[in-house]
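Novice: Pasted the sequence and its predicted model underneath.
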Amino acid sequence: METVFSAIQPTGGFHIGNFLGAVQSWVDLLGKYRCFYSIVDLHALTQDYEPKDMAPRVEEMAAELLAAGVDPDKCTLFVQSHVHEHAELEWILNCVTPYGDLTRMTQFKDKSERVEVVNAGILNYPVLMAADILLYRATRVPVGVDQVQHLELAREITRRFNGRFGETFAEPMPIHTKALKILGLDGKQKMSKSLGNALQVSDAPDVIRKKLQNAFTDPTRLRKTDPGHPESCYVCGLQGYFASPEETARLHEGCRSATAGCVDSKRALAENVIRYFEPLREKSAELRAHPEKIRQILGDGAQTARKVAQETMRTVREKLGLY
Ligand code: TRP
């Protein structure tokens, strides 16, 4: 069975873009691969944050992943910083990674434009990703479009390591996830909690209704009597994920024939989203009421992960010729 590695930053709970992109594919891969899934708190350190918020963010992310069906009996779910080898392998991989490869990463360029001081962690971010993957000798990595370039770099780093120290790691290959890029409620930028355009899975029903009321729709449809274009409308595009094919077809037809306005479309979407995530929200709240359960699961996960990581590092240290 091939090994999969994937990871998500502890942003607190996830938004519907994370859910449709990453989380759902994590669940789909269970049983088909040996899966290692990590909550990557070390990656999150590259952004400004409040230390007191970090632990709750990790815990909330874990609760939602578990509630979404990331079954700890079928995968290894753990927190990145609990396995010290991530940072160790990252340092080693830094030493085979050309600086120029890092500065030309699109995400590095975007992120460094948005902050006042560009810390070296932002630059080395993809090297830590490569370490995450190689530590478990994962050959498959589910990625959305925004991480494709980072995975290519991870492959390049793998080749450089193998070229310098002898064949050690197989090159990790992508698994392209089905919902590739979910735009934010502004309909312009990628959905992101930090950009303030995200619909969170844990948002209360009223918050979901309110956020969707203000969502971007079809700019060419000025009046309710204008026929809509469901194929290019942001709200209509989301409908398919949360309603049955029949209901989606009906909603799209209403929009196209101008019998339903954008407000109606948004209302229908809000109710469907609320219903869709109801079980997940309940399950996650239940888990959060018992944080010791979450700690136990993540502790077990770290133990399993550590064993594999330590084994890999033994080989790596040998290859490097360390004393
Ligand atoms: N950078 C990824 C993201 O923000 C998260 C991540 C960290 C990751 N390490 C990884 C994804 C390794 C895949 C493989 O989405």
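Specialist: Structure's in. What do you need? Numbers count the residues shown, from 1 in each chain.

Novice: Contact residues of this structure facing the ligand?
Specialist: 5-7, 9, 40, 43, 129, 132-133, 141, 147 (CB under 6 Å from any ligand atom). No exception for glycine: its C-beta is placed from N, CA and C like everyone else's.

Novice: Give me the buried subset of those.
Specialist: If you count burial by 16 or more other CB atoms under 10 Å, the buried members of these come out as 5-7, 9, 40, 43, 129, 132-133, 141, 147.

Novice: out of those, which are inside helices?
Specialist: 43, 129, 132-133 (DSSP state H).

Novice: Please enumerate the strands of the stretch 151-300 of the chain.
Specialist: 173-176 (DSSP state E, counting those that start in this stretch).

Novice: Right, and the ligand sits closest to which residue of it?
Specialist: Closest residue of the stretch 151-300 of the chain to the ligand, CB to the nearest ligand atom: residue 151 (7.0 Å).

Novice: That residue touches residue 142, doesn't it?
Specialist: No. In this structure, residue 151 is not within contact of residue 142 by CB atoms under 8 Å, at 9.9 Å.

Novice: Kindly point out which residues are neighbours of both of those two.
Specialist: Counting by CB atoms under 8 Å, 6 or more residues apart in numbering, the residues touching both residue 151 and residue 142 are residue 174.

Novice: These two: which has the busier surroundings?
Specialist: Higher neighbour count among residue 151 and residue 142: residue 142, with 24 against 20, using other CB atoms under 10 Å.

Novice: hang on, isn't the more buried one packed against residue 6?
Specialist: Yes. Counting by CB under 8 Å, residue 6 is a contact partner of residue 142 at 5.1 Å.

Novice: Kindly point out which residues are neighbours of both of those two.
Specialist: When contacts are counted by CB under 8 Å, 6+ apart, residue 142 and residue 6 are jointly contacted by 22, 25-26.

Novice: ok, so of the residues you listed, who is nearest residue 177?
Specialist: Looking at those and their distance to residue 177, the nearest is residue 25, at 4.2 Å (CB to CB).

Novice: Next, count neighbours for the closest one.
Specialist: 19.

Novice: isn't there a strand covering it?
Specialist: No. Using DSSP: H, G, I helix; E, B strand; the rest coil, the assignment for residue 25 is helix, not a strand.

Novice: so what's the residue lying closest to it once chain neighbours are set aside up against?
Specialist: Excluding the flanking residues, the one nearest residue 25 by CB to CB, 6 or more residues apart in numbering is residue 177, at 4.2 Å. Applying CB under 8 Å, 6+ apart to residue 177 gives the contacts 21-22, 24-25, 142-144.

Novice: tell me the domain boundaries of this structure?
Specialist: Annotated domains of the chain cover 3-183+291-320, 203-284 [automatic domain parsing].
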